[in-house]
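Student: I need the structure of the sequence given here:
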Amino acid sequence: MSDGEHPIAVLCDTHVIPILMFLDGSGPSRKTDIYAAVGRNSNMPLKLERMAGAGLVDISPMGNSEFVGLTAMGESVAGRLREIDGLMAGDR
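Tutor: The predicted model follows:
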């Protein structure tokens, strides 16, 4: 996140909300699984690093893979996004 940028700005980046929702439903996942489920884009590693820098995810090496999991803040944000999704879908 750049200086002066509002913290919520990270959510405006393409794929960030779908990544949060995927991890919320799937738990810690390999980067390759996230790419397969959400989208393949050459900038996906940078997006995950930005999310980590914002405190939404942790990235941990395991063997030959890297796993991404939600932090406590990431879980809270994902939960609120699910609430918003439910409101917009008409769930009450």
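Student: Please enumerate the strands of this protein.
Tutor: All strands of the chain, identified by DSSP state E, fall at 29-30, 57-62, 65-70.
Student: Which secondary structure elements does the helix ranked longest in the chain sit against?
Tutor: When the chain is parsed with DSSP state H, its longest helix is helix 72-89. Packed against helix 72-89 by the contact rule (3 or more CB pairs under 8 Å, 6 or more residues apart in numbering; DSSP states H and E) you find helix 16-26. The way it works is simple: take the backbone N, C-alpha and C, and place the C-beta from them, glycine included.
Student: Can I get the helix it packs on in CSV? Just the C-alpha atoms.
Tutor: Taking C-alpha atoms only, helix 16-26 is exported to CSV below (Å, rounded to 0.1, in the frame of the first residue of the first chain):
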residue,chain,number,x,y,z
VAL,A,16,-8.7,-9.5,-4.4
ILE,A,17,-12.3,-10.0,-3.2
PRO,A,18,-12.7,-13.4,-5.0
ILE,A,19,-9.4,-14.5,-3.4
LEU,A,20,-10.7,-13.6,0.0
MET,A,21,-13.9,-15.4,-0.6
PHE,A,22,-12.1,-18.5,-1.9
LEU,A,23,-9.8,-18.6,1.1
ASP,A,24,-12.7,-18.1,3.4
GLY,A,25,-14.5,-21.1,2.0
SER,A,26,-11.4,-23.3,1.4
